[in-house]
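Give the three-dimensional model of this entry:
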Amino acid sequence: MYTASNFTSRAAFALFCSLSVAACSDDTATDDEVGETATGTDTIGDSTTNDETGSGMETGSDTFGTTTTDTTDTTATDTTTTDTTDTTATDTTATDTTATDTTATDTTTGDPDVCGDMMVTGDEICDDGINDGAYGGCNPDCLGLAGFCGDAMINGPEQCDDLNGDSSDGCLSTCVAPQSCADLLAFDPALTDGVYLISPDGFVGDPFPATCDMTTDGGGWTLAMRFAPANAAFHFYSVHWTTNTVVNEMVTDPVDPTDGKFMAYNELPGDEIRGCLKNPQNQTWGCKRYDLPATTKLLDLFTTTQVGSDT
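The predicted structure follows:
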């Protein structure tokens with residue numbers, strides 16, 4: 001005799017995701033030249049002056065002649081443009097500073113950014129050649145991506161976008177909200193038994209938790225009801241069969257010994273149901289599957305079909 005049971009349903013859906021110059025004047029050198037020239041000129045001046053004048057002012061003539069001759073010679077010698085030429089050449093040399101100051105290599109290298117050339121350059125973030133701001137594409141200025149799956153905003157065809165790859169939180173990495181345990185298993189066959197958030201087709205509201213059996217009978221089964229082994233609330237005349245109620249919905253263990261009626265019963269369309277009973281003697285479970293004539297919610301099914309009926 002079987003004294004415990006649970007009731008599951010399964011639905012399958014197809015997933016479409018710096019020159020300074022110092023000018024020098026050699027005053028010391030000039031004085032030396034004047035002194036030296038004066039000495040040499042004094043001898044010449046003395047001989048010449050005495051011959052021409054025949055006066056007794058030999059010493060005064062020497063001094064006068066010497067001064068005149070020396071001044072003329074040293075002035076001519078000192079004003080030689082040797083220093084001026086050197087400083088002029090140095091002052092006007094600007095090769096080094098001109099080359100350095102006018103260099104513009106850094107500001108002229110590379111091609112300019114062209115939004116629309118399908119190349120991401122400079123400040124561009126994207127460039128798909130179209131840049132029309134459409135979903136999954138690039139904005140017209142190439143400075144940002146248009147809406148895409150993973151930007152934490154629901155755009156375009158997305159049903160959700162939570163920036164993670166956790167399949168149990170009601171949003172798949174493809175930005176699709178799973179509608180059932182079968183949906184989840186089809187998306188990732190490696191998923192294990194456990195509680196997942198789902199949003200069935202047509203359901204309005206936040207995703208709700210569903211207990212998924214991903215391993216037995218092909219997996220993808222969603223727990224809809226759980227019956228207590230004794231004094232169960234779900235007898236033939238229970239209102240829970242035909243009303244939009246939940247019972248112990250936070251107790252999600254499918255083999256818990258208490259009654260349970262879950263949102264999946266009221267909101268999840270399915271095309272196949274499975275009932276399981278536990279043998280109290282050997283504690284084994286036995287299950288039986290039933291194909292439904294059409295995809296329907298269990299609430300709708302039992303509202304139109306008498307409980308216990310084989311039809």
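
Cys115 reaches Asp123, doesn't it?
No - here Cys115 does not reach Asp123: they are 9.9 Å apart, not a contact under C-beta atoms under 8 Å. Using the backbone N, CA and C atoms, a C-beta is placed for each residue, glycine as well.

Compare these two (neighbour count), which wins?
Cys115 (21 against 10; other C-beta atoms under 10 Å).

what's the distance between that one and Leu299?
Per C-beta to C-beta, to the nearest Å, Cys115 is found 55 Å from Leu299.

Identify each buried residue in stretch 117-128, please.
124, 127-128 (16 or more other C-beta atoms under 10 Å).

Give me the nearest residue to Asp253, chain neighbours excluded.
Thr211 (7.6 Å; C-beta to C-beta, 6 or more residues apart in numbering).

Show the contacting residues for that neighbour.
194-195, 222-223, 252-254, 262 (C-beta atoms under 8 Å, 6 or more residues apart in numbering).

cutoff 7 Å now
195, 223, 252, 254 (C-beta atoms under 7 Å, 6 or more residues apart in numbering).

distance between the ends of stretch 175-187?
Its start and end residues considered, stretch 175-187 measures 12 Å (C-alpha to C-alpha, to the nearest Å).

Apologies, that question was intended for stretch 180-200.
6 Å.

Next: stretch 291-305.
First-to-last distance for stretch 291-305 - C-alpha to C-alpha - comes to 15 Å.

Residues touching that stretch, excluding its own?
9, 11, 224, 241-242, 244, 265-273.

Now, of the contacts of Thr211, which are buried?
Applying 16+ other C-beta under 10 Å to the contacts of Thr211 flags 223, 252, 254 as buried.

Which residue is the nearest non-sequential neighbour of the first one?
Leaving out its chain neighbours, the residue that sits closest to Leu223 by C-beta to C-beta, 6+ apart is Thr211, at 3.9 Å.

Going by neighbour count, list what's buried in the helix or strand containing that neighbour.
Thr211 is part of strand 208-213, with elements assigned from DSSP states H and E. By 16+ other C-beta under 10 Å, the buried positions in strand 208-213 come out as 208-213.

Just give me the closest of those to Gln179.
Nearest to Gln179, judged by C-beta to C-beta, of these is Ala210 at 10.1 Å.

Run a quick neighbour tally on Val255.
For Val255, using other C-beta under 10 Å, the count is 10.

Wasn't it part of a helix?
No - counting by DSSP: H, G, I helix; E, B strand; the rest coil, Val255 falls outside a helix, being coil.

How is Leu197 assigned, secondary-structure-wise?
strand.

The closest residue to it other than its chain neighbours: what's it in contact with?
The shortest distance from Leu197 to any non-neighbouring residue, by C-beta to C-beta, 6+ apart, is to Gly170 (3.3 Å). Gly170 makes contact with 160, 177, 197-199, 207 under the criterion C-beta under 7 Å, 6+ apart.

try 8 Å
160, 162, 177-178, 196-199, 206-207.

who wins for most neighbours among the residues you listed?
Pro178 (30 neighbours).

that's a helix at that residue, yeah?
No - using three-state DSSP, the secondary structure at Pro178 is coil, not a helix.

That one against Ser199, yeah?
Yes - taking C-beta under 8 Å as the definition, Pro178 is a contact partner of Ser199 at 7.2 Å.
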